[in-house]
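Enquirer: Coordinates only, no sequence provided:
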């Protein structure tokens, strides 16, 4: 039997910790001696299901109260991104239900370009001040990673991949997980939050040896 490792990565495309977790995971794979045997599957998790898009300032004030020092919090998040080599411009980002972006992410998996799509959406949202809640924007971004724009637009016009998004969310909640990033290696070894490459490497080796 051919050995392999599957890493399932539950993320929300507006979660600032998730791109950092993605960077750490990829850094791990550069050190893992069996990196060509690893499959990464990005799973859906919406932090704000059913909530219309609103500004990050509104989001923070809803969660922490009026008078919250929003610039300070955003600066801290931007430093976290910079420490991972990422550009974050948080002031104009939006929060809300990311169902449409997750549907595009799921579609991209069916076409074999899921990692590229996820990373393009991350960059658009966090570094380029793009509105990833806008379907036309999502179609354009999908085209940039090689997906057929007409096919993506047609998909977004219906309900395709909504069930897959909801199934991912149900699966992770049944494990008692209520936030992201969350990683599951070979369906057995779990890791919550941002992990160091060293910890990821240890987990990967354990999963490999357990087969």
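Expert: Cool, the structure landed. In this text the structure is predicted, and so the values were computed from the model without any measurement.

Enquirer: in what helix or strand does the closest residue to residue 152 other than its chain neighbours lie?
Expert: Excluding the flanking residues, the one nearest residue 152 by C-beta to C-beta, 6 or more residues apart in numbering is residue 142, at 4.3 Å. All C-beta atoms are positioned from the backbone trio N, CA, C, and that covers glycine. Here residue 142 sits within helix 135-144, counting by DSSP states H and E.

Enquirer: How many residues are close by the closest residue to residue 73 other than its chain neighbours?
Expert: The shortest distance from residue 73 to any non-neighbouring residue, by C-beta to C-beta, 6+ apart, is to residue 60 (6.0 Å). Using other C-beta atoms under 10 Å, residue 60 has 17 neighbouring residues.

Enquirer: In contact with residue 60, which residues?
Expert: By C-beta atoms under 8 Å, 6 or more residues apart in numbering, the contact list for residue 60 reads 68, 70, 73.

Enquirer: could you pull out the helices for this protein?
Expert: Listed in chain order, the helices of the chain (DSSP state H) span 17-31, 56-64, 70-83, 99-110, 114-126, 135-144, 149-157, 162-174, 197-209.

Enquirer: Just put the ones you listed in CSV and tack on distance to residue 182 and mean pLDDT.
Expert: Shown next, in CSV, are the helices of the chain (distance: least, C-beta to C-beta, whole Å; pLDDT from 0 to 100):
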stretch, distance to residue 182, mean pLDDT
helix 17-31, 9, 95
helix 56-64, 20, 93
helix 70-83, 18, 98
helix 99-110, 15, 98
helix 114-126, 15, 98
helix 135-144, 24, 98
helix 149-157, 26, 98
helix 162-174, 6, 98
helix 197-209, 13, 93
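
Enquirer: can you put those helices in TSV and add distance to residue 48?
Expert: Listed next are these as TSV, based on distance: least, C-beta to C-beta, whole Å:
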stretch	distance to residue 48
helix 17-31	14
helix 56-64	8
helix 70-83	16
helix 99-110	10
helix 114-126	14
helix 135-144	17
helix 149-157	19
helix 162-174	12
helix 197-209	28
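
Enquirer: what are the phi and psi angles of residue 51?
Expert: Torsion angles at residue 51 (phi, psi; degrees, to the nearest 10) stand at phi -100, psi 120.

Enquirer: list the contacts for it?
Expert: Listed by C-beta under 8 Å, 6+ apart, the contact set of residue 51 reads 95-97.

Enquirer: What separation do you get for it and residue 94?
Expert: Separation of residue 51 from residue 94 (C-beta to C-beta, to the nearest Å) stands at 11 Å.

Enquirer: What is the nearest of the contacts of residue 60 to residue 79?
Expert: Nearest to residue 79 among the contacts of residue 60: residue 73, at 10.9 Å, using C-beta to C-beta.

Enquirer: and the closest one, how many residues sit next to it?
Expert: Neighbour count for residue 73, taken as other C-beta under 10 Å: 15.

Enquirer: Quick one: residues contacting residue 138.
Expert: Residues in contact with residue 138 (C-beta under 8 Å, 6+ apart) are 100-101, 104, 121, 132, 152, 156.

Enquirer: one more time with 7 Å
Expert: 100-101, 104, 132, 156 (C-beta atoms under 7 Å, 6 or more residues apart in numbering).

Enquirer: How about residue 130?
Expert: Neighbouring residues of residue 130 by C-beta under 7 Å, 6+ apart: 124, 137.
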